[in-house]
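Engineer: Provided below are the primary sequence and the corresponding predicted coordinates.
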Amino acid sequence: MSEAAITRQEFDCQLQRLRDIIDERDRRYKEATKSAKEALEVSMKALTEYKAQQNEWRGALADMGGRKLDRTDYELRHKEIEKMIGELRESRSGFLGTIVAISTVVGIIAAGIVSFLVAHFTQK
């Protein structure tokens, strides 16, 4: 026999060693695949939660934007309010003028009645 030749026992031993290496690598690949699947599930769950929170945030921003006035609407409403204030001021001025006029007339009538009564009772 030559030196390159190996015995059946050595061949079986090397074959078993190779099978053990293959089995170990298969086990590692299965573990790595399982870990990758678990990591993917966790990532998908986190992404789903993130998207839900992002949608809530977008909804809140849309609500806020919907409740705000744009510049043209603000200016239009502001002018309407200023006009109403001016009308109220004019109305109040007119009302106060009416009250002053009525008070003056009532004062004159009261003075006339008092003068009449004083003149009437002082003549007797």
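Structural biologist: Good, I have the coordinates. What you see is a predicted model, and the numbers here were worked out from it, not measured in a lab.
Engineer: what's the helix or strand for residue 72?
Structural biologist: helix 71-123 (DSSP states H and E).
Engineer: quick one: that helix to chain centroid distance?
Structural biologist: 49 Å (C-alpha atoms, centre = their mean, to the nearest Å).
Engineer: Tell me the helices and strands packed up against the helix or strand harbouring residue 26.
Structural biologist: Per DSSP H and E, residue 26 falls inside helix 8-67. With contacts defined as 3 or more C-beta pairs under 8 Å, 6 or more residues apart in numbering; DSSP states H and E, helix 8-67 has no helix or strand neighbours. Every C-beta, even on glycine, is put in place using the N, C-alpha and C of the backbone.
Engineer: Report the mean confidence score over that helix.
Structural biologist: If you average the pLDDT over helix 8-67, you get 91.
Engineer: same check, this time on stretch 117-124
Structural biologist: 80.
Engineer: same question, stretch 98-109
Structural biologist: Regarding stretch 98-109, the rounded mean pLDDT is 88.
Engineer: per-domain residue ranges of this structure.
Structural biologist: 1-68, 71-124 (automatic domain parsing).
Engineer: can you put these in CSV and add mean neighbour count?
Structural biologist: Compiled in CSV, the domains of the chain are given as follows (neighbours: other C-beta atoms under 10 Å):
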stretch, mean neighbour count
domain 1-68, 10
domain 71-124, 10
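Engineer: Mind pulling up the pLDDT for residue 4?
Structural biologist: Listed pLDDT for residue 4 reads 69.
Engineer: before we move on, the earlier item: the helix holding residue 72 - contacts with which helices or strands?
Structural biologist: Against helix 71-123 (3+ C-beta pairs under 8 Å, 6+ apart) you get no helix or strand.
Engineer: Pick out the residue nearest the middle of the chain.
Structural biologist: residue 60 (3.3 Å; C-alpha atoms, centre = their mean).
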